[in-house]
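1. Got a sequence here, can you model it:
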Amino acid sequence: MNTLRETWIVFHRAMRLTLRNPMWAFLMLSQPLLYLFLFGPLLKPITAQISQGATTNAYQVFIPGLIVQLGMFGAMFVGFGLIAEYRAGVIEADRVTPASRMALMAGRVLRDVVVLVVQTLVLLIAAIPLGLRAPWGGVLLSLVIVALLGATFASLSYSVALITKSEDALAPLLNGIAMPLLLLSGILLPMQIGPTWLQRLSDISPLKHVVNGVRALFRGDIDNSSSLWGLFWVVLLTVVGLAVGARTFRKESA
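-> Numbers count the residues shown, from 1 in each chain. Coordinates of the predicted model:
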C-alpha cells in the first residue's frame, strides 16, 4: 500500500508538471496527425493490395501503425525530462526520501501512459471523419496495447537517461534505435508487400508483430493468431522494460 501511495504522489507531481507545460505532448501528437491527414489519403487507392484483400478501409491499415508509432516515439524520448530533473537536483532529493525506488519510476511511467492514451484517443477521433471504422472491442484492446507499449519504452528511456545523464549521449543513441524499429515494424505500410528478404529481416522486430496484431484487432479479428501474437509480444516487452527500469532506478538511487 505504501508503494501505491508513493506512486500516486510521484504521478501527481509529474502530471502537474505536464499540465503546466503541455507543449511537449502536443508536439509528439503533431507528427502522427500530419501522417494521418497528408499520407493516409494516398493509401486509399491501393488499400486492397497492401492489405492483401483483408480490408478495403485504408485507415484500418494505417491507423494501427500510427498508434503504435505514437506509443513508441511518445515514450521513447521522455528520458530527456529525467535528465533535466537530474541536473536540477530533483533526483538527488528523491534519493534521500524513504520512497520506494519502484514508485519513483512507476509514478513517472504512469504519467507518460496517461498522456499517450489521451493522445491516442485524439488521433482516433480525428480519424473517424476521414473514414476510420473499427469494432469497439478491437479499439479498446488497442488502447491497452498502446499503454503497455508506452510503459515499456518510457521505462527503458528513463533507464538509459539515468545511465548516460547526458542529452548529447542519449539523443544519438535513441535516434539510432528508433529508425531501424520504425522501418522494420511496418508502421507505415505492411511488411507483407515487401520483398522476401525484407520480410525475413523484419521478423526479428517484435514491433512488427505488435503492429500486425493491432491491425487484426481493428479488423475485428480479436482471436486471430496475429492479434494474440501481438499481445504476447507487448506483454513480454512490458515485463522486460519495467524490470530493467526498476533495476536501474534502484541501482542509480542507491
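
2. ranges for the helices of the chain?
-> For the chain, applying DSSP state H gives helices covering 2-20, 23-38, 40-43, 47-50, 58-76, 79-88, 90-95, 101-127, 136-164, 167-184, 196-202, 206-218, 225-252.

3. So which of those is nearest residue 190?
-> helix 47-50 (5.7 Å; Cβ to Cβ). Just so you know, the C-beta spots here come from the backbone N, C-alpha and C atoms, and that holds for glycine as well.

4. So what touches stretch 203-218?
-> Residues outside stretch 203-218 that contact it (Cβ atoms under 8 Å, 6 or more residues apart in numbering): 60-61, 63-65, 67-68, 72, 134-135, 137-139, 141-142, 145, 149, 180-181, 184-187, 190-191, 202, 222, 224, 226-231, 233-234, 236-237.

5. about what we covered before: turn the helices of the chain into a markdown table, including mean pLDDT.
-> Listed next are the helices of the chain as a markdown table, based on pLDDT from 0 to 100:
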| stretch | mean pLDDT |
| --- | --- |
| helix 2-20 | 86 |
| helix 23-38 | 76 |
| helix 40-43 | 73 |
| helix 47-50 | 58 |
| helix 58-76 | 85 |
| helix 79-88 | 86 |
| helix 90-95 | 77 |
| helix 101-127 | 88 |
| helix 136-164 | 91 |
| helix 167-184 | 86 |
| helix 196-202 | 86 |
| helix 206-218 | 89 |
| helix 225-252 | 88 |
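
6. Filter the contacts of stretch 203-218 down to the buried ones.
-> 60-61, 63-65, 67-68, 72, 134, 138-139, 141-142, 145, 149, 181, 184-187, 190-191, 202, 224, 226-227, 229-231, 233-234, 237 (16 or more other Cβ atoms under 10 Å).

7. Run a quick neighbour tally on residue 4.
-> 11 (other Cβ atoms under 10 Å).

8. How about the one 10 residues further on?
-> Residues near residue 14, counting by other Cβ under 10 Å, number 21.

9. can you pull the contacts of it?
-> 107, 108, 111.

10. again, but for residue 113
-> Contacts of residue 113 (Cβ under 8 Å, 6+ apart): 75, 147, 150, 151, 154.

11. ok now do the first one, which residues does it touch?
-> For residue 75, the set of contacting residues under the criterion of Cβ under 8 Å, 6+ apart consists of 112, 113, 116, 149, 150, 151, 152, 153, 154, 157.

12. same thing but 10 Å
-> 28, 109, 112-113, 115-116, 146, 149-158, 241 (Cβ atoms under 10 Å, 6 or more residues apart in numbering).

13. Could you pull up the contacting residues of the nearest residue to residue 31 once chain neighbours are set aside?
-> Leaving aside its chain neighbours, residue 31 sits nearest to residue 73 (7.4 Å; criterion: Cβ to Cβ, 6 or more residues apart in numbering). By Cβ under 10 Å, 6+ apart, the contact list for residue 73 reads 28, 31, 32, 153, 174, 178, 181, 182, 187.

14. quick one: which of those residues is most hemmed in?
-> Using other Cβ under 10 Å as the neighbour criterion, residue 153 leads those with 28 neighbours.

15. which residue of the chain sits farthest from its center?
-> When distances are taken from the C-alpha mean of the chain, residue 96 lies farthest, 31.4 Å away, according to Cα atoms, centre = their mean.

16. how much space between that one and residue 70?
-> 36 Å (Cβ to Cβ, to the nearest Å).

17. before we move on, what about residue 223?
-> Residue 223 is 26 Å from residue 70, by Cβ to Cβ.

18. So between those two, which is more surrounded?
-> residue 70 (25 against 8).

19. Quick check: closest non-adjacent residue to the more buried one.
-> Residue 70's closest residue in space is residue 32 (Cβ to Cβ, 6+ apart), at 5.1 Å.
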